Structures are given as structure tokens and as C-alpha cells.
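K.L.:
Give me coordinates for this.
(4 chains, ligands or ions: 4)
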Amino acid sequence: MKELSFRQAIGEAINEEMARDPRVFVIGEDVGKMGGLMGEMGEAFAKYGPERVRDTPLSEAAIMGAAVGAAITGMRPIAQLRFVDFLGICWDEIMNQATKMRYMFGGKINVPVVITALSGAGRRSAAQHSQSLEGMMSAIPGLKIVLPSTSADAKGLLKSAVRDGNPVMYFEHKMLMWTGPKSPVPEGEHLVPIGKAEVKREGKDVTVFTAGFMVHKALKVADKLQQERGISIEVIDPRTIKPLDKETILNSVKKTGRLVCFNEECATGGLAQQVAAIVADEAFDYLDAPIKRVTGPDTPIPYGQYLEDIWIPSEEKLIKAIDEVLA
Amino acid sequence: MKELSFRQAIGEAINEEMARDPRVFVIGEDVGKMGGLMGEMGEAFAKYGPERVRDTPLSEAAIMGAAVGAAITGMRPIAQLRFVDFLGICWDEIMNQATKMRYMFGGKINVPVVITALSGAGRRSAAQHSQSLEGMMSAIPGLKIVLPSTSADAKGLLKSAVRDGNPVMYFEHKMLMWTGPKSPVPEGEHLVPIGKAEVKREGKDVTVFTAGFMVHKALKVADKLQQERGISIEVIDPRTIKPLDKETILNSVKKTGRLVCFNEECATGGLAQQVAAIVADEAFDYLDAPIKRVTGPDTPIPYGQYLEDIWIPSEEKLIKAIDEVLA
Amino acid sequence: MVEIPKEKLLEMYRTMVRIRRFEERTSKEFAAGKIPGSVHLYIGEEAVGTGVIAHLKKEDYILSTHRGHGHLIAKGGRTDRAMAELFAKKTGYCLGKGGSMHIADTDIGMLGAAGIVGSGIPIATGAALSAHMRGTDQVTVCFFGDGASNIGRFHEGINLASVWCLPVVFVCENNLWAVSVPTSCSLKIHDIADRAIGYGIPGVVVDGMDVVAVYEVAGEAVKRARSGGGPTLIEAKTYRFRGHFEGDSGTYRPKEEIEAWVKRDPIKSFQEQLLGMKALTEKKIKEIDDEALAEMDAAVKFAESSPPPGPEEVLNGVYV
Amino acid sequence: MVEIPKEKLLEMYRTMVRIRRFEERTSKEFAAGKIPGSVHLYIGEEAVGTGVIAHLKKEDYILSTHRGHGHLIAKGGRTDRAMAELFAKKTGYCLGKGGSMHIADTDIGMLGAAGIVGSGIPIATGAALSAHMRGTDQVTVCFFGDGASNIGRFHEGINLASVWCLPVVFVCENNLWAVSVPTSCSLKIHDIADRAIGYGIPGVVVDGMDVVAVYEVAGEAVKRARSGGGPTLIEAKTYRFRGHFEGDSGTYRPKEEIEAWVKRDPIKSFQEQLLGMKALTEKKIKEIDDEALAEMDAAVKFAESSPPPGPEEVLNGVYV
Ligand SMILES: Cc1ncc(C[n+]2csc(CCOP(=O)(O)OP(=O)(O)O)c2C)c(N)n1
Ligand SMILES: Cc1ncc(C[n+]2csc(CCOP(=O)(O)OP(=O)(O)O)c2C)c(N)n1
Ligand SMILES: [Mg+2]
Ligand SMILES: [Mg+2]
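P.N.:
Ligands and ions are numbered 1, 2, ... in the order given. Take a look at the predicted model:
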């Protein structure tokens, strides 16, 4: 095992997939000479040049549309959209083109396109550069969505996404891209299957469903509660948001009888509500307490440390919710 | 009370609000000479002409953007987007501009814009003209969303939306616009408050949460089950999707102990999951059975009667779910 | 037009007649309630798709529109499978799951009609990028209307194609109306082709009622694309003879305007042209027409006798 | 330039100096970690916003960009409240909730900076529509960059404004780069102003380093808008002297290019011009500069000493 930062892991995945498959290419703004906002594409550009790491004009709809057109004619584009907040100007390409073509054309066309974009709050970037859209996007049929929380998952999921053959939204959480510590990544070919959750920590008292950067906060809380109060928390990281690995979640709740969803999203329309609904139907008889959700409020994300830190779901709020389901 | 068709009710609301407030105007494609796809704008155009019922080029982003610009400078635009499926090409104007401006500018700017669009399946219009996006859109903070099921609500909610002062998404279900039967509408000034659900039918055994066109199917099922099997169904119509009237829903479930959500949306990311999650938290102790959700599958909507009728949530499936929660 | 071989002229004539007859039959079946949803007919605009696509090989790509039956037929699509798709039958191009606005057939390079106006433009740029990266000589042709020329993706898609000098031809079928909105209310310029200036590519106006003129202009554009010369924007002035969709009363259009354009029926005038040059005889005209009519009878029979898709198709085909 | 009154020239000079000093101070405070998030500085481009906005009244509107501090100051914005916003303080223009990319002040017609590039263009068209419908003589000016000229909304927003002949001026600040992507890779044309042809409106190129030239060109455009003549597209050729955002090494731009443009510093050259015509003295220059420096000291003091917004602000301001 080697130690890689989150962005190094992503860079490695792109380099390896481009080496493996000549159909793979990157299309987006500032991915070439600049190597991507985080430099993660730098090596790929050095290796494969402007033909396969293509800088575009400031035209997100054209980036996504062109990626779709290339995908249905034999290429394997990775469309780099920088911030998920910009998906709004190519929403139709995702919602009505990439994800619907195969179905409405009778299953003949494949649309193997990967969309990568920075997600999440914590960088004081204000309302238009801080959103998490996993809940909103999972309402799009035909889309697959992944949200890695570790360097190993980041690499393994991106490689799987490139090979998947369907439109895959790949979220890169800002806090992991910027300040994510190095973490171990298996040597050699490393793939993480799309659609498989991972129990990031085993426990028996309460199940905490969480994803992306929040996973690390949940693990801290789990350690803390274990040490200080002997409470055993099971932390479930779906890794794939869509299609969701229901079984792993349900099995955990059937064991613990208690569920807290801990997600960096607005309260309404997020992943937390989806998981709560599934459990309230399919594991209802095992539940010993109400299903609690710890999310951001239904507001845009405010600028600045003073307010943003209040908006972001905190370890304190998670602990409070855990206490409630244990009460 | 007079009897109006759904589209007549909408036409009346627009005419009355334009007469009441000179700042109100309509902007969209084919709203003028053609009077809107359903002719609902015909009278307004005849009365107020092309200055206040403005035909635009085929430019949804410009329609929404211009509506926002007009709204923040003293006008009260009604942006007519025809089909909700087209919201994808002005998603940013809704998600990042109209609904975020007030908050990110420190609460100084108001964005009184109403967006109207045809929603829903049933007209054999295939994947790009049949969607229901209420769940997806409710993940947008700062947006209000209404979805009327009767002519009275259609008129009263549209008038309230125009006066609300916030961005309001107004969904018109196709089946109600095309084939909706006439139904009573109070004479004179008729307003339906945004944020208030309505118990469309009282009952004590099972709560059915449903909206829009599905309300009518639910009411049929309720009558049928009452007559044939003496089962008493309470049918809750939120009318406003966001902000949701939690109290009315929770009070009903506290009474019945059983909840079935019956929504014309994909299974993932829809309203049904939102309501199930809220109830699984805030009314958990009152629940006597798992919360069931009857929705469409996670697929695009297929063309043609053979498949579309299977996709759309049916009365049979609702009855099956009701039997399950009563088992 | 001397250099256009007689066979090519006849082939184009036959294609136009087949499109016309397909659309007339579609209108009839729609009125009879056999076709669900909505259909937008190409009647009056046959010369555009026919004249452009006459230059394409099977491997070349086209992106079509909501008014796309003509493009499909000109690209070599089968009228029986097309009609079956309109009838929502399993034997249709999309197993009856797409309908008129979503017909595609990758086997003949037809990458799809479009329900969202203008969506094909950046996709066409992507198909052209793909051909360039794969090192083939495939050309992509993207059809769209005057209305679509006002959508943001027109700007982004054409600009990207021009910056990367991709093998694509953008064909604007300017029929003067976007449903009820005339170009006089949606553009302040006379020729949409002038927008090519903003992208540094050639922009050409052509009489869309004259298939030979279209053929000649398209020939240069396709040659330019294939030889690495980059994109061209062609504006074909044409007219739809019927309502926007079947059932549209279309009262917003002046009678005189309609009559004037119908007088310029592209099939009639081409017919006279061919008769004049003895490339066609009254007998041959009848023969071609009878064949077309018989083909459409067979197509409808095929569609009617075909089974609907099985219920499992509701869930099939979402993911690979 | 004879017809420009001396006071106007001095006012513009002072504005440019104040913008420069504000940005320099912002850079310093950002480096010191006092300003969270990211900031994009206007240094080098002061002549554009200054020369255009010099024609606007308080009631007129502007739509700004992510590089918007200069526009705000030129429109009459207060540097202390602007700095407080960057510091995320309660006394900021947006209560510290918006930051650099989301400053707005409707009291002076500043309708907002933009975090989503190009978003202001259709919004500007809407503000102009509003002025038209309310029967005022307000003019709207929309600023955006060369990169934004490739986004779909540029096309839709300008086309709609042209079709409705609205009182709006579109000002493209072409600084040759969109982050690391040069215009040579994002456009195949030399002048973005040529895109005006596609909308049937006047397009003008102006030297964005020459405030007087900008003032003259903008004067005609604003007059045209105010008098019902409709929109104009102005392209100002300019350059950002610093990285795209503070912290951007900007290694993608050739040294020689940067040096050549820095030699054309719009403030220095305007200074020489004014000295030459005796509209300015060395003494006055120092005086204006000292005032600006003092103003920025006060602004930072104000920002630093201001309280942060209260926690309740997280939930406030979503709905009316
Ligand atoms: C993005 C979008 N906006 C609106 C519509 C509704 N609509 C369908 S066709 C059409 C007119 C298209 O006009 P044009 O591009 O000129 O094509 P034509 O119908 O004239 O062939 C409109 C407005 C749509 N399908 N997609
Ligand atoms: C729609 C969108 N795409 C991408 C970005 C990221 N981004 C911010 S500024 C910028 C470059 C803008 O270039 P230009 O319009 O020329 O303005 P400049 O920064 O040169 O002043 C980019 C790509 C964004 N904020 N919004
Ligand atoms: Mg047209
Ligand atoms: Mg620039």
C-alpha cells in the first residue's frame, strides 16, 4: 500500500485509464495547460497532450453535449465540470440527453460518459460554489452517482466509472481535494465496484449513514463515543449514491435498530431523506427509534467562516442525534 | 360557485392578477398570438396585448434570466416554460440565480417571479415531455413549489403565487390541463394560501399522501375501498410541495397510524421519500406499519400507451400498498 | 447542375416523394387515432434533408429534430420500422419506447431526433470530435430550425466546432416560424447564416425549396468538412406546409404566406425541372409515386400487425 | 476628448486610483488570511468599468462579474462596506453572506456580481425590459469577460435584448484569457464585437487601457440605449495584471505578454495624459493617491472592527 492524497489518487486513475484505453479523453475548462484547478490533470496532460486532455471555451453545455456526442460514437469522455454548481447550465445535457438516450432509443445506444466536479462546502466559497447536489441528481433516472471519501475509493471508483459504460456523475468533495490527508491506496490495478457500500466502521448500537467528507467526521464521532461512553457506532459509506446499496444499509439497521443519516446537503430533497424512506419501509419492524437526519438547513450556503461553519452539519449535531435515537 | 375547467381557472387567475397589478406580465414562447399551448393565455393577450403578454424567441435561459432581471427591478413576471422538461436548459437561472439572490445578497433583493410549466405523464409524449420534477426541484432552497389538483386550487394558488414575492414554481399537470373536467370555483376573489395542505377526504384507517393528478385516482380508490370493504382512507393533498405543510400530514398519520405515499414521480428522489422520511422521524411512535411508497420506477417515461400506462402509478398498485399497510 | 448524374437526381426525387408520402400517411393515421403523442411533419421541407444527406455515406452521422421523419428516410431509414415506432410497436426503431421525437438508428448513423429543441447541436460537435479523434473521415450533419438558432447551445456548439475545426455541417431549416413565433419576432437579422461570422466559419444561404441548389451548397460544405476545412453553417429558406404539429390549426400564419410557399412546392418544381431535362417522364412519375404509396401501405400494415413491446420493456434499457 | 469636462476627467482618474488601491489592499489582506474564499482582482482593467459607468446615473443598473470590485466602486459603492463584505462581516453589503462574488447594492443600481460566469447577461436584458415597461429612462450596463462571450446565455440574452430593442449596453472586458484558456483557443474570430452582427446591433471595439476612448465609445452606446436605439455590444481590449484569482501563479501566460500590457498601465497613461493637458499636477496626483490610501486604511479598519453576522443569519433571508 502506498499513501496518496485524494487528488493524487484521482490523477493516477485518470492516467491509468487513459493508458489502458485510447478512447478515454478529458474535456473541460483549464484541464490542459493548467492541469485542472487542483493540478490533478497535470500529469495526464504532460503524457497525452492537448488532443486527449482538451481545454475548451467557457461553454459547459458544449462540454457536456460534446461529451455525449463523442460517447455515443465510440469514445469514452471524462467531462470535467469544475464545480457541481455549474451543472445548472448543462442540466439538460445530463437530465434529458446523456441519461435518457439509451432508454428512449430502445436500448441500442450506450452513453459512457463520466462527469467529474468539485462538490461541497467548507472553503468559504459562498452560495454558487459550495453546493452538494447528490440528492437532486439522484432524481435523474439513468444516471449513476459516486461520492468517494478516501483516496483508495477515489481511485477505484473513478476507474470503475470510466469503464462502466453508463453516464456516471463523479463528485470530488472540495475538502478532500484541497486538504485531504494522504491515505493508503492498494498498489497496481485497483477497482472499487460501483453500487457497493462499505462499512467504514463496525458497530452494534447505532447505524450512521454518511458519505463523502462527512464520513471522516462520523468516524471521529464514533471513536469518541466508543472511548468516552462505550457506544458502538456502525458507519456506512455508500460510496455509490445511485444505484444505492440498500442491502448493506438495511442489514446494518436490522442489526442496530437505530439509524441516523448524516449528510452535507439541504434538509429537503437530499440523500438522508431517501435512505430514511427506504428504511422506514423495508426495515420498519427492526427500528427501535425514530430515524434522525442531520443535514444542513434549507438555505443557500452562506459565505465566510462565521456562518458556513454553522451551516455545515457538525460532529456536535451528530452526537445530539445519536443521543436522541438512544434515548 | 361556478364550474371551470382547470385551464379556464388558470386563465382567470392570470387575467385577474394582471388587472389588479400593472407590474404583472407574462413572458414565454407562444403565449401571445397563440394564447399559450392550451389557449389559457388567450384572453390575457386579447386584453393586455403584446406588451404584457410577451412572445419570446426560443430561448428558455433568456426567458428565465429576463424574468429574474425584471423581478428584481420592480416587475412581477410570470415566466411560462411550457413543459417542465425544458427547465433543464434554464436550471441555473432557477437554482443559482432566482432562488439564491435574496439570501446571498443579504436579504435586500426580492425575486417575485412565477414559473409555470406543464408537468406529468399520460399524453404519450415520451421521455422528454412527460416528467414530474417536484422532488428534484424541492432540493432547491429558496424556491416555493405548488402543484394544484382542482380548478379551485389552480386559480387560488396561482393568484397567491403571483403575490407571494418569492420565486414560485407552478406545476400544471397535463392530464388536468387537457382533459380535466370542470369543477367548482368560488365566485370573486379566491386565494389559496401557499404552504397549506388540504384534507381532500377524511378517513381514519390509512393516510394517503398524494398530489396533482394522482389526487383524483386516490379519491376514486378511497370511495371504492369504503364502499366495497369499509376501509376509511384519508387523502392528503399538500397543494404546496415546498414549503411542505408537515403538520397536516403528521396529524393525519398520528390519527391513522398508517401512511402510503402515492406520487407520479420516479422512485428515487421524489416527494414520496421526503414525506416518508419526515414521518419516520416526527411521527414514528404513532406508526403501526411500514411506510409504503407507490411511485413510478427509476426509468425515463416510455412512449406509447402500452408502456406509459404501466409506468404511471395505478389505482391497483395503490390498493395493493394500502392492503400491505393494513395487513 | 450539369455535373449531377441523372441517377442522383432521380434518387433524390424518389426520396422526396417517399418522405412526402410517409408524412401524408402519418397525418392520416394520426387523425385516425392510430398514432399517440404528437407528430411534426416535414411536408414542404423535403428538399433540404434530401439535398444535404444525398452527400453522406452510411457511416456519416446526422442529428435530427422533432421534425425528423424526412431526415431519417433520407439517411436510409426504413419506413416500416419508422411507422411502427410511431404506432408505439415493438418492431419500431426504439421498440416503441421513443416515438416520433426520439427515433434513432446508429446502424445508419442517425443519432437521434430531438424533443428538446437545439439539443443536437453540441452533440453533433461531439460526434464530429469523435470522428476526428478516431481518425475516420466521417462527417456529421446537424439539422435544426430557425427557432433553435436562438438557443444557447447553438452558440456553444458551433463555437466549439469552429475552434476545433471539426468535420460538421450545421443546417438551419429556416421555415420562418417557431410554432407561432415568426423569425421577425425572434431575430433582428435577415439571414441566420450571418451568425457564422461570430464563429469565423462560412455561412451560406440557400433556397430550401430547390433540392438542386441545396445539393450544390451542401456538397461544398460536406467536402470542406471531410477534407479538414471545418464547419459550415447553411441556412435553407423553407416552409412547413402544415401546422406546427398535427392538430395545430396554425391560424397564426397568414393565408397568403402559406399559399405563396405552397406554390413553390419543392417536389412539383423538381418534377418539372426533371421533366424539362427529360430525366423523368409522366410514366416514371406515376411509377415512383405508386411505389411510394405501396411502400407506405406496407409500412402501416407492418406497424398495425406488429406486437406492442412487452411490459418488461418499462424497466429495460436504463443502464448497460 | 476636448468635450470632456476637466472635472469628469479628474473624477474618472480618482475612481481608477481608488479601484487600484482597493484591489491592492484586498490582495494584501487576502495574503494575510483576513479574507476567506477567493477574490478576483480588477487591476489593469480599471479604465473599462470607469469609462463606461461614468455615463450612468444612480438609478441606472449594472450587472457585474466575479471580477467586480471595480464596477461596484465606479457605480458609487462604498469601499468600507465592500471590504467588510470581503471580511465576511455583518456591516458588509450582504451582511457577510455573499462575499466578493456576490456583492450587490440595489440602492445604487448594482444588481450583483456573478459567481456563475455569464449569468448577468439575460438578467441585464430583464432589467432593461423592466425599465422599458415601467417607462423610465434607466439604462442597464452588463459587464462580462471574453470567456463569458462563449456561454449560451450571451447568445440568448443579447438576442432577446436586440429583438425587443431594449435599453442595455453589453460590455465585454476582453482580457485575452479565461483563467488558463486564451481567446486564441476559445474563439476563431479576432474581435468579439463582431458577434453583434448576429444580433443586428452595433458592435464596437475599444482600447480598454484608454479610459478616454472607453468613455467616448460608451457615451454613444448609453445615449443610444437611453434614446430608444436599443443595445450595443462594446468589446474593450484589456488585460488583468495579476493571476486569475489571488493565489493563482498564472504561469500559463507568457512573461512577455504580461510585461507588454503592464507597460500600458491605464492609470499611468491617463496620468501622463492629464499632466500633459495640465488637468493634473504632481501635487494633485499625490493628494488623490494619499486620499485613496487613507480611504482603504479606513475601509480595512472598518471591516476589521465590525462584528460578524449573528448565527441567526444562517436561516434569515431565504424567503420574503
Ligand atoms: C428547448 C425547447 N423549447 C421549446 C420547445 C417546444 N417547441 C417544440 S418545437 C418548437 C418550435 C421550434 O421551432 P424551429 O426550431 O424553427 O423548428 P420548426 O418547428 O419550425 O421546424 C418549440 C417552441 C422544445 N421542444 N424545446
Ligand atoms: C459557468 C461557469 N463556468 C466556469 C466558471 C469558473 N470560472 C470562473 S472565472 C472563469 C474565467 C472567466 O473568464 P472571463 O469571462 O474572460 O473573465 P475574466 O476572469 O477573464 O475576467 C472561469 C472559467 C464559472 N465561475 N462559471
Ligand atoms: Mg421554424
Ligand atoms: Mg477574460
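
K.L.:
Is stretch C:52-69 positioned near chain A?
P.N.:
Yes - using C-beta under 8 Å from any C-beta of the partner chain, stretch C:52-69 reaches chain A at C:Tyr61. Quick note: C-beta positions are derived from backbone N, CA and C, even for glycine.

K.L.:
Pull that stretch out as CSV, backbone CA atoms only.
P.N.:
C-alpha atoms of stretch C:52-69 as CSV (Å, rounded to 0.1, in the frame of the first residue of the first chain):
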residue,chain,number,x,y,z
VAL,C,52,-27.9,17.6,-47.9
ILE,C,53,-28.0,13.9,-47.0
ALA,C,54,-27.5,12.9,-50.6
HIS,C,55,-23.8,13.6,-50.0
LEU,C,56,-23.4,11.4,-46.9
LYS,C,57,-22.2,7.9,-46.6
LYS,C,58,-23.7,5.3,-44.4
GLU,C,59,-21.0,5.8,-41.7
ASP,C,60,-21.6,9.6,-41.6
TYR,C,61,-23.7,10.9,-38.9
ILE,C,62,-26.8,13.1,-38.7
LEU,C,63,-28.5,14.8,-35.8
SER,C,64,-32.2,15.4,-36.4
THR,C,65,-35.0,17.3,-34.9
HIS,C,66,-38.6,17.0,-33.7
ARG,C,67,-39.5,17.3,-37.4
GLY,C,68,-37.2,14.4,-38.3
HIS,C,69,-39.0,11.8,-40.3
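
K.L.:
quick one: buried residues of that stretch?
P.N.:
Under the neighbour-count criterion of 16 or more other C-beta atoms under 10 Å in any protein chain shown, stretch C:52-69 has C:52-56, C:60-69 buried.

K.L.:
Which two of those residues have the greatest separation?
P.N.:
C:His55 and C:His66 (23.6 Å; C-beta to C-beta).

K.L.:
OK, contacts around C:His66?
P.N.:
C:40, C:100-101, C:113-115, C:117 (C-beta atoms under 8 Å, 6 or more residues apart in numbering or on different chains).

K.L.:
could these go into CSV alongside pLDDT, neighbour count and distance to B:Val24?
P.N.:
Listed next are the contacts of C:His66 as CSV, based on pLDDT from 0 to 100; neighbours: other C-beta atoms under 10 Å in any protein chain shown; distance: C-beta to C-beta, whole Å:
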residue, pLDDT, neighbour count, distance to B:Val24
C:His40, 98, 23, 33
C:Ser100, 98, 27, 37
C:Met101, 97, 26, 33
C:Ala113, 98, 29, 37
C:Ala114, 97, 26, 33
C:Gly115, 98, 26, 31
C:Val117, 98, 23, 28
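
K.L.:
between those residues, which is closest to A:Gln97?
P.N.:
C:Ala114 (8.9 Å).

K.L.:
Spit out the contact partners of the closest residue in space to the closest one that isn't next to it in sequence.
P.N.:
Among residues not flanking C:Ala114 along the chain, C:Gly120 sits closest, at 4.9 Å (C-beta to C-beta, 6 or more residues apart in numbering or on different chains). Contacts for C:Gly120 were tallied using C-beta under 8 Å, 6+ apart; they are C:63-65, C:111-112, C:114, C:142-144.

K.L.:
before we move on, what about A:Leu326?
P.N.:
Contacts for A:Leu326 were tallied using C-beta under 8 Å, 6+ apart; they are A:205-206, A:231, A:258, A:289.

K.L.:
try 7 Å
P.N.:
A:205-206, A:258 (C-beta atoms under 7 Å, 6 or more residues apart in numbering or on different chains).

K.L.:
what pLDDT does the residue positioned nearest the centre of chain A get?
P.N.:
Taking C-alpha atoms, centre = their mean, the centroid of chain A lies closest to A:Leu147, which sits 1.5 Å from it. Looking at A:Leu147, its pLDDT reads 98.

K.L.:
follow-up on the earlier one: going by neighbour count, which of the contacts of A:Leu326 comes out on top?
P.N.:
A:Val206 (27 neighbours; other C-beta atoms under 10 Å in any protein chain shown).

K.L.:
How about it, nearest residue that isn't a chain neighbour?
P.N.:
Per C-beta to C-beta, 6+ apart, closest to A:Val206 is A:Arg258, 4.4 Å.

K.L.:
how near is the one you found to chain B?
P.N.:
Using C-beta to the nearest C-beta, to the nearest Å, A:Arg258 is found at 11 Å from chain B.

K.L.:
Repeat that for C:Arg253.
P.N.:
10 Å.

K.L.:
any idea which element that residue lies in?
P.N.:
For C:Arg253, there is no host helix or strand (DSSP states H and E).

K.L.:
what's the helix or strand for the residue lying closest to C:Gly145 once chain neighbours are set aside?
P.N.:
Among residues not flanking C:Gly145 along the chain, C:Glu173 sits closest, at 5.3 Å (C-beta to C-beta, 6+ apart). Remark: C:Glu173 resides in strand C:168-174, with elements defined by DSSP H and E.

K.L.:
That strand packs against which elements?
P.N.:
helix C:46-53, helix C:120-134, strand C:140-145, helix C:211-226, strand C:232-237 (3 or more C-beta pairs under 7 Å, 6 or more residues apart in numbering or on different chains; DSSP states H and E).

K.L.:
That strand pairs with which strands?
P.N.:
Next to strand C:168-174 in the sheet, as set by DSSP bridges, lie strand C:140-145 (parallel), strand C:232-237 (parallel).

K.L.:
and the next element down the chain from the first one?
P.N.:
The C-terminal neighbour of strand C:140-145 among helices and strands, as given by DSSP H and E, is helix C:152-163.

K.L.:
How about that following helix and ligand 1, touching?
P.N.:
No - applying C-beta under 6 Å from any ligand atom, one finds helix C:152-163 separated from ligand 1 by no less than 8.9 Å.

K.L.:
So that helix, near ligand 3 or not?
P.N.:
No - judged by C-beta under 5 Å from the ion, helix C:152-163 and ligand 3 are separated, with a smallest distance of 13.0 Å.

K.L.:
And that helix, what does it pack against?
P.N.:
Using 3+ C-beta pairs under 7 Å, 6+ apart, helix C:152-163 sits against helix A:60-71, helix C:120-134, helix D:152-163.

K.L.:
Brilliant, that's me finished.
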